[in-house]
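A.B. asks: sequence isn't available, so here's the structure alone:
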């Protein structure tokens, strides 16, 4: 090789080595910061799901889903007028009711559905509007899950349909399917 080629090769090799070292350094740094960012976002999501407060209610399933942690699968909001059976003595959530056992949370949702139906909110449209502050996606989810029209009248003695509505609400609120026996247990203590 001529002398100029060797010099050019050496200079480029050094430059290439420096470029590779810089890329590796920044790649490692980017990966470290990406991991830190992902961990930060994960913690924020967990904190948001818990309402920023530590929950001491004993839930039937150890999970990050607020309605499950609170034994309140319908995510019923706190209302001082409601004297729910099985309600915890000291609520730590601040927004949603908490129950001592899942059967009481299921019971409260069934009871609320009965109240809605008895007060004239006896269609999926009216129930969905009341439960979700008028979210049209919520009503559509109920219609698809229950299998009746949004304006079909629901009778107070139609236990099968009311249970389907409750199950759809629980699915929408917590993404959990409850067994028939879990819902039946709560139905018995209405």
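C.D. replies: That came through, no problem. Note that the coordinates shown come from a computational prediction; the quantities given were computed from them, not determined experimentally.
A.B. asks: now do the strands in this protein.
C.D. replies: Using DSSP state E, the chain contains no strands.
A.B. asks: remind me which residues of it are low pLDDT?
C.D. replies: For the chain, the stretches flagged by pLDDT under 70 are 1-11, 13, 16, 24-63.
A.B. asks: ranges for the helices of it?
C.D. replies: Using DSSP state H, the helices of the chain run over 3-49, 66-69, 102-118, 124-132, 136-146, 159-174, 180-188.
A.B. asks: spit out the contact partners of residue 168.
C.D. replies: Counting by Cβ atoms under 8 Å, 6 or more residues apart in numbering, residue 168 makes contact with 141-142, 145-146. C-beta here means a position set from N, CA and C on the backbone, and glycine is covered the same way.
A.B. asks: what about it, distance to residue 124?
C.D. replies: Residue 168 sits at a distance of 9 Å from residue 124 (criterion: Cβ to Cβ, to the nearest Å).
A.B. asks: name the residues contacting each of those two.
C.D. replies: 142, 146.
A.B. asks: so which of the contacts of residue 168 wins on neighbours?
C.D. replies: Counting neighbours by other Cβ atoms under 10 Å, residue 142 comes out on top of the contacts of residue 168 with 25 neighbours.
A.B. asks: tell me who's in contact with that one.
C.D. replies: Residue 142 neighbours (Cβ under 8 Å, 6+ apart): 124, 127-128, 150, 165, 168-169, 172.
A.B. asks: cool, and residue 183?
C.D. replies: By Cβ under 8 Å, 6+ apart, the contact list for residue 183 reads 106, 110, 163, 166-167.
A.B. asks: and residue 78, by the same measure?
C.D. replies: Residue 78 is in contact with 91, 93-97, counting by Cβ under 8 Å, 6+ apart.
A.B. asks: the same query, at a cut-off of 10 Å, please.
C.D. replies: Taking Cβ atoms under 10 Å, 6 or more residues apart in numbering, we find residue 78 in contact with 72, 87, 91, 93-98.
A.B. asks: repeat that for residue 79.
C.D. replies: Residue 79 makes contacts with 97, 112, as judged by Cβ under 10 Å, 6+ apart.
A.B. asks: and with 7 Å instead?
C.D. replies: By Cβ atoms under 7 Å, 6 or more residues apart in numbering, no residues touch residue 79.
A.B. asks: ok, it to residue 138 distance?
C.D. replies: The gap separating residue 79 from residue 138 is 19 Å, by Cβ to Cβ.
A.B. asks: cool, residue 105 as well?
C.D. replies: 19 Å.
A.B. asks: higher neighbour count, those two?
C.D. replies: Legend: neighbour count by other Cβ under 10 Å for residue 105 and residue 138, higher for residue 105 (31 against 20).
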